[in-house]
Structure formats: structure tokens, C-alpha cells
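J.: Compute the structure for the input listed below.
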Amino acid sequence: MKELLVKYAAYNVWANAQLLETILQLPVEDQSREIKSSFKSLYKTVLHLWDAEAMWWQRMKLEERIIRPSENFSGGMKEAGEGLLQQSRQGKHGSHIHRSTTCIMNLFIKTLRKSILNKRFALYSYTFLIMVHIIGVN
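T.: Numbers count the residues shown, from 1 in each chain. This next block holds a predicted model:
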């Protein structure tokens, strides 16, 4: 199971790199042009991807305050892409983040508290906890 998760993390880095390579080949105007989608532009989509990965990483590390990288970010597409790739690479090499069962139980308790407000968050977190338990990270 651990090998599968490492492959998923490597695939995530590869997929983000492919996406960014394609986006960066577009003219700057196209990168920030408004489009009909979940996010108003490719730039805002990349910021969302970066935020999502960073937020999950912080949750796995049991950070008290979750920080979105885009909150104080003022760079362009290239810098946002570099931030996303840097974040993605942390997941590829980050199987060491849970060193004790206590960390896992703390995350499970937080998940239960949040499950009343956000069932999808609870499902994802519970799935993650099961995977961590199966891997046997201690």
C-alpha cells in the first residue's frame, strides 16, 4: 500500500508539471484571461491547486492555523507554478510526517469534530487515516 501511495504522489508531481508546462507555453494574456469554469482563469486554477495541496499538507502535519499560499501571493503564473510544484514534491517525500499513533488519533478527533459541518472533509480525512494505519507509519 505504501508503494501505491508513493506512486500516486509521484504521479501528482508529474501531472502538475505537465499542466504547468502547457500553461506556460500560452501567451500571458491567455493565462489570466477570464474563462467559464470553476475558477475565472488558468492562473486562479493554479492558485487553487496550490492552496488545496498546501492546506491538506498542513492538515496532515496537524498545523493549528491553516495558511493558503495565495493569501499573500502577488507573483505571476511562473512563480505560482513553482510554488505548486514545490508543494507537490513535499508529498512525494513526506511519508515521514506521522511519527506516532498520537498524531493520527489527534487528526481523527479533529475530523470527527468537523464532520458535523463538512461530511466530505470527514470522508477524505477518514480515508487518509485508514491508509496511514495500513501503511503502519509510526
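
J.: How many residues are close by Gly81?
T.: The tally of other residues near Gly81 (other C-beta atoms under 10 Å) stands at 23. Any C-beta I mention is one placed from the backbone N, CA and C, and that applies to glycine too.

J.: Now it: closest residue in space, sequence neighbours ignored.
T.: Counting by C-beta to C-beta, 6 or more residues apart in numbering, Leu20 is the residue found nearest to Gly81 once chain neighbours are left out, at 4.0 Å.

J.: what about the closest residue to Ile23 other than its chain neighbours, distance to Glu34?
T.: Nearest non-adjacent residue to Ile23, counting by C-beta to C-beta, 6+ apart: Leu42, 5.4 Å away. In this view, Leu42 and Glu34 are 10 Å apart by C-beta to C-beta, to the nearest Å.

J.: go on, Leu47?
T.: Counting by C-beta to C-beta, the gap from Leu47 to Glu34 is 15 Å.

J.: More neighbours: the two, which one.
T.: Legend: neighbour count by other C-beta under 10 Å for Leu47 and Glu34, higher for Leu47 (22 against 9).

J.: Name the next helix or strand following the helix or strand where that one lies along the chain.
T.: Following DSSP states H and E, one finds Leu47 within helix 42-60. Next helix or strand after helix 42-60 toward the C-terminus (DSSP H and E): helix 77-92.
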